[in-house]
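In: Kindly generate the corresponding structure for this input.
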Amino acid sequence: MTSQLSDMSLKAIGTVRNKVKQAPGPCFDWWGIVSEIVVNSRLTEALDGLEEFSHIIVLYWMHQVVRSGELSLKVHPRGKAELPMVGLFATRSPNRPNPIGKATVRLLERQGNILKVEGLDATDGTPVIDIKPYIPGYDSATDAKVPPWTTTQ
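Out: Purely as a prediction, here's the structure:
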C-alpha cells in the first residue's frame, strides 16, 4: 500500500437554489426548506427515471465552510460542550478535510434539469457533486447502532 494520497479533482454537476444565503446554526430546521437543484443542462438525460423515486441522496461541496488554522481532529458534536469530545469522523461537523455534505431529501418534482427537493441542508449557490436515488434496504441499515449522545438535544 502506498503512503502517498492521490490528488483528486471534482466538477460540480449543478447548483443549489434556495432562500438560505448564509449557513445557519447547527440546530436549524432544514425540513421546511424547499430547494431547487439546477443540474447542468448537458446532464439532463442523466436524470431520466429519477422522478420515480420519492427520495434522493445529494452530495455537495460545503463551499461556505471557512477553516482558520489547523483542522481539529477532536470536536464536540453539534458544537455543544456538554456532549463528549469525539473524533471528527464520528460527527457530521462541516469542518472536515474535504467539506463534502450528504443529505437524503424528498424529491418533490422534476422539471427538465431542475429538481425540487425538501430538506436539503445546503445554502443557496452550493455546488452539487453527485445525485443518487435513495433505495430502502440498500441505503439504510436495519441493525445500525449509535452512541447515546446522537439522540440528545
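In: is residue 116 in a bridge, and if so with what?
Out: residue 36, residue 109 (DSSP bridges).
In: Please report how far it lies from residue 109.
Out: 5 Å (CB to CB, to the nearest Å). Heads up, the C-betas are built off the backbone N, CA and C, glycines and all.
In: low pLDDT regions in the chain?
Out: 1-2, 25-28, 152-153 (pLDDT under 70).
In: Can you tell me the centre-most residue of it?
Out: Closest to where the C-alpha atoms of the chain average out (CA atoms, centre = their mean) is residue 102, at 2.4 Å.
In: Wait, a helix at that residue?
Out: No. Counting by DSSP: H, G, I helix; E, B strand; the rest coil, residue 102 is not part of a helix but strand.
In: residues touching it, list them.
Out: Residue 102 makes contacts with 57, 58, 59, 60, as judged by CB atoms under 8 Å, 6 or more residues apart in numbering.
In: rerun that using 6 Å as the cut-off
Out: residue 59 (CB atoms under 6 Å, 6 or more residues apart in numbering).
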